[in-house]
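Colleague: let's see this in three dimensions:
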Amino acid sequence: MKLRPGNIFRVTFLLGALGLCAFSAWAQGSGDTFYSFLNVPSSTLAYGLGGINISNIDDDINASDRNPGLLGPEVGMQLGVNYMRYVGDSNFAGVKFGMKAGEHGAWAVGVQYLGYGDIKGADINGVLTGDFSPKDMVVSATYAHDITGNWRGGASLKYVYSSYDAYSAMAIATDIGVNYYDPDSDLSFSAVVANLGGQVKRFDRRYERVPVDVRLGVSKGLGSVPLILSLTAHDLTKWHLPYYDNGDGSDGGKPQVKDRFVSNLFRHLVFGADFRASDNFRFGLGYNYRTRTDMSTYRRSILSGFSACLGLNVRNFALGVAMAQPHTGATTIMLNLSTTLYEF
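Modeller: As a prediction, this is how the structure comes out:
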């Protein structure tokens, strides 16, 4: 496709702005942060394809939660809800509504609630003070617009509220993403700067950082085979991602720190395969090496690091189911349901 001068300027400006945000994210660094729940997806497609996917094209309103640049007028007027049974007694749920804005734009708003069950409270002397229920909530607003026939950009603004017993905190974060999609070759490429922002109200005296991240992703269809392969690179603000390896626990030895080139490389990568048998049925598999190695400090299952998702379209409804088992004590299940309201 031949770009006109105006479109060249728009693409250059957006990529320059994204590059500036990426530099800011690199300057802040990543590391361990308090707001890591912002990296838990609400989309069964993203969760089933390894937990992070920013490039797989889909017209489901839930599928744009990792990359605002995937939101477009093809969503029509959609309402989506999600629920996830997470580790322990944690339950996550949310709702998202999106609508096209003209022929080349779209907007969406959403609310995500994350509850962690009841936890016993105690003072500094260990005296029990009763149970409390920690919770987080994220309110988001997203806008995306076509830059050219192949390029699209979008941004999400997120208000984050956390309440843990008598303490509460607030943060503001934004996601900025672009996507390039060529339908002729079924090639999609995306870049995202996620969670750029900071805390505006602290729990106490300590300042907690949000998990700023730079991500790149590519998805490619295989032509006559209804299969889309995805590769996502994340945590690009730093190279070293060491972890502790306990082995199989039989020798009673001390945990060994792993910080080699190969382990660092694969801890940055997430692999996904999306098999679309028809317009009404899909099946996806993902592998996240970082999840598997992070769970090496626990009794890991053979499925650790793997995830799967299933999608069905029935009349006006789209149903998604995803599952993963990070370790033997945690089987996580996510559900998505969306519908296009004007079709009723």
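Colleague: quick one: secondary structure of residue 145?
Modeller: strand (DSSP: H, G, I helix; E, B strand; the rest coil).
Colleague: what helix or strand is residue 117 on?
Modeller: Counting by DSSP states H and E, no helix or strand carries residue 117.
Colleague: give the contact list for it.
Modeller: Residue 117 makes contact with 88, 89, 90, 91, 133, according to CB atoms under 8 Å, 6 or more residues apart in numbering. In short, each C-beta sits where N, CA and C put it, glycine included.
Colleague: which of those lies closest to residue 254?
Modeller: Among the contacts of residue 117, residue 88 lies closest to residue 254 (CB to CB), at 27.3 Å.
Colleague: now the closest residue to the closest one other than its chain neighbours, what are its backbone angles?
Modeller: Once flanking residues are discounted, residue 88 sits nearest to residue 117: 6.3 Å by CB to CB, 6 or more residues apart in numbering. Residue 117 adopts backbone torsions of phi 80, psi -170, taken as degrees, to the nearest 10.
Colleague: next: residue 134.
Modeller: Dihedral pair for residue 134: phi -70, psi 150, per degrees, to the nearest 10.
Colleague: that one: how many residues sit nearby?
Modeller: 16 (other CB atoms under 10 Å).
Colleague: wait, it touches residue 120, no?
Modeller: No: counting by CB atoms under 8 Å, residue 120 is not a contact partner of residue 134; they are 11.8 Å apart.
Colleague: without its sequence neighbours, what residue ends up closest to residue 280?
Modeller: Of all residues not flanking residue 280 in the chain, residue 313 sits nearest, at 4.4 Å (CB to CB, 6+ apart).
Colleague: what subset of the contacts of residue 117 is buried?
Modeller: With burial judged by 16 or more other CB atoms under 10 Å, the buried subset of the contacts of residue 117 is residue 90.
Colleague: CSV for the contacts of residue 117, including distance to residue 143 and secondary structure?
Modeller: Formatted as CSV, those follow (distance: CB to CB, whole Å; DSSP: H, G, I helix; E, B strand; the rest coil):
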residue, distance to residue 143, secondary structure
88, 36, coil
89, 36, coil
90, 30, coil
91, 30, strand
133, 34, coil
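Colleague: just for the stretch 51-200 of the chain, where's the confidence low?
Modeller: 123 (pLDDT under 70).
Colleague: if we can go back for a sec, and the residue nearest to residue 88, how far from residue 228?
Modeller: 36 Å (CB to CB, to the nearest Å).
Colleague: then residue 110?
Modeller: Counting by CB to CB, the gap from residue 110 to residue 228 is 25 Å.
Colleague: list the contacts of residue 276.
Modeller: 226, 227, 228, 282.
Colleague: show the contacting residues for the closest residue to residue 118 other than its chain neighbours.
Modeller: Take residue 118 and drop its neighbours on the chain: the residue closest to it by CB to CB, 6+ apart is residue 131, 4.5 Å away. Residue 131 is in contact with 118, 119, 120, 121, counting by CB under 8 Å, 6+ apart.
Colleague: just residue 313 next, same as before
Modeller: So residue 313 contacts 279, 280, 281, 319 (CB under 8 Å, 6+ apart).
Colleague: same deal with residue 109?
Modeller: Residues near residue 109 by CB under 8 Å, 6+ apart: 96, 97, 98, 139, 140, 141, 142.
Colleague: which is the next helix or strand following the helix or strand where the fourth one lies?
Modeller: So that's residue 139. Per DSSP H and E: residue 139 is located in strand 135-146. As assigned by DSSP H and E, the chain's next helix or strand after strand 135-146 is strand 151-164.
Colleague: report the angle between the axes of that next one and strand 135-146?
Modeller: Angle of strand 151-164 versus strand 135-146, following axes from the mean of the first three to the mean of the last three CA atoms, to 10 degrees, is 170 degrees.
Colleague: what strands line up against strand 151-164, and which way round?
Modeller: Applying DSSP bridges, strand 151-164 is found paired with strand 135-146 (antiparallel), strand 167-182 (antiparallel).
Colleague: which of those strands sits closest to residue 328?
Modeller: Smallest distance to residue 328 across the strands paired with strand 151-164 (CB to CB): 26.3 Å, for strand 135-146.
Colleague: ok, residues contacting that closest one?
Modeller: 37-38, 64, 68-73, 94, 98, 101, 104-116, 152-164.
Colleague: 6 Å - rerun?
Modeller: Contacts to strand 135-146, defined as CB atoms under 6 Å, 6 or more residues apart in numbering, come from residues 37, 68, 71, 104-115, 152, 154, 156-163.
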